[in-house]
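> Here is the input, now give the coordinates:
(2 chains)
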Amino acid sequence: MTPLTCYLLVAAFLFAIGLAGALIRRNAILVLIGIELMLNAANLNLIAFWRYGPHPELLTGMIFAIFSIAVAAAEAAVGLALVIHIHRHTKTTYLDQINRMKG
Amino acid sequence: MSIAFYVSALLTLAGALASVLLKNKVHCALALTVAFTGLAFLFLNLNAQFAGFAEIMVYVGAVAILIVFAILLIKGSETPLHGVFSRSWPIGAAIAAGIFALLGWAVIESASHLPKPTPAHAVTVDQIGRALVYRYVLPLEVVAILLTVALIGAVIVALHEDGRTQ
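Have a look, this model is predicted:
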């Protein structure tokens, strides 16, 4: 196997773990952790393709990954603020107990 | 493949599995920092030093701390009585396994079409800075606005509502 294939397989497994975490956990914070893992798997793919791609001097994959890290940080901050707000309203963060949209 | 790749891939995947499967939420957050550290090592293996150190600073330094703070603020450090997995967890696990099988099949099948390995290209922070302020200056400004809006939005969302809680 070439190195690129190994990195892509690791990223695929990481994405599957994150997806499983987002789908099987009951707690909203653990679902956010799963989403972060999926974002990081995408970053690993971007950087692996940049490193082994045809034009590494253009820095496209690296810059894409850096912007993706910044967006993921913003997403984590807003997501956790939402979780805290929901906990203040409903006294729970378990997703099967949050079953109404009215505030 | 070098031994550094195997060690960091093992660290990443073990940390990710532990952060998804552990019962205690604080342990999950700590396992998540292990996964992020392994991922930063993978970035360093790929000759992307700047992205690796950004990963450590942003994820291990900020996002993991944010998650721990959220867990402590909602007093969620104790293990729940009704289990940590949802009732439909076999379906979720099956979907994740199916996605992994699909992605793995696609990667293995396309292995012969992937670009041939090229020699490592040394990238300095100087080059990244120049690329950010010349070629990618518009996305940089958009990300700056996004981070400002997200910061203000997070503060507003997490604020107490006057009149209802007081």
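> Where does chain B get nearest to chain A, which residue?
Nearest residue of chain B to chain A, counting by Cβ to the nearest Cβ: B:Gly92, 3.0 Å away. For glycine as for every other residue, the C-beta is placed from the backbone atoms N, C-alpha and C.
> got the buried residues for the strand or helix carrying that residue?
Assigned by DSSP states H and E, B:Gly92 belongs to helix B:89-109. Buried positions in helix B:89-109, judged by neighbour count with 16 or more other Cβ atoms under 10 Å in any protein chain shown: B:Trp89, B:Gly92, B:Ala93, B:Ala96, B:Phe100, B:Leu103, B:Val107.
> Same check on stretch B:68-86?
By neighbour count on 16+ other Cβ under 10 Å, the buried set for stretch B:68-86 is B:Val68, B:Ala70, B:Ile71, B:Ile74, B:Gly76, B:Val84, B:Phe85, B:Ser86.
> show me which of these neighbour chain A.
By Cβ under 8 Å from any Cβ of the partner chain, the members of those lying near chain A are B:Ala70, B:Ile71, B:Ile74, B:Gly76, B:Val84, B:Phe85, B:Ser86.
> SS state for the nearest residue to the third one once chain neighbours are set aside?
Right, the one you point to is B:Ile74. Of all residues not flanking B:Ile74 in the chain, A:His87 sits nearest, at 4.4 Å (Cβ to Cβ, 6 or more residues apart in numbering or on different chains). Of the three states, A:His87 takes helix under DSSP: H, G, I helix; E, B strand; the rest coil.
> which residues touch A:His87?
By Cβ atoms under 8 Å, 6 or more residues apart in numbering or on different chains, A:His87 lies in contact with A:Thr93, B:Leu73, B:Ile74.
> Now the second one. Nearest residue, chain neighbours left out?
This points to B:Leu73. Leaving aside its sequence neighbours, B:Leu73 sits nearest to A:Ile84 (Cβ to Cβ, 6+ apart; 5.8 Å).
> just the contacts of A:His87: which has the poorest pLDDT?
In terms of pLDDT, the weakest of the contacts of A:His87 is A:Thr93, which scores 83.
> List the contacts of it.
Contact partners of A:Thr93, counting by Cβ under 8 Å, 6+ apart, are A:Asn27, A:Ala28, A:Ile29, A:Val83, A:Ile86, A:His87, B:Ile74, B:Gly76.
> lowest-confidence helix or strand of chain A?
For chain A, counting by mean pLDDT, DSSP states H and E, helix A:60-90 ranks last in confidence among helices and strands (a mean of 91).
> Let's have the contacts of A:Thr93 in a markdown table, adding distance to A:Leu8.
Formatted as a markdown table, those follow (distance: Cβ to Cβ, whole Å):
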| residue | distance to A:Leu8 |
| --- | --- |
| A:Asn27 | 30 |
| A:Ala28 | 30 |
| A:Ile29 | 29 |
| A:Val83 | 32 |
| A:Ile86 | 36 |
| A:His87 | 38 |
| B:Ile74 | 37 |
| B:Gly76 | 35 |
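> I'd like to know how far A:Ile47 sits from B:Ala16.
Note on A:Ile47: its distance to B:Ala16, by Cβ to Cβ, to the nearest Å, is 17 Å.
> typo on my end, it should be B:Ile91
Plainly put, B:Ile91 is 21 Å away from B:Ala16 if you go by Cβ to Cβ.
> now swap in A:Ile24 and tell me
14 Å.
> out of these two, which sits in the more crowded spot?
Legend: neighbour count by other Cβ atoms under 10 Å in any protein chain shown for A:Ile24 and B:Ala16, higher for B:Ala16 (31 against 23).
> Show the contacting residues for that one.
Counting by Cβ under 8 Å, 6+ apart, B:Ala16 touches A:Leu14, A:Ile17, A:Gly18, A:Leu37, B:Ala31, B:Leu32, B:Ala35.
> three-state assignment of the fifth one?
The three-state label given to B:Ala31 by three-state DSSP is helix.
> I'd like the distance between the closest residue to A:Met1 other than its chain neighbours and B:Ala64.
The shortest distance from A:Met1 to any non-neighbouring residue, by Cβ to Cβ, 6+ apart, is to B:Ala111 (6.9 Å). Separation of B:Ala111 from B:Ala64 (Cβ to Cβ): 34 Å.
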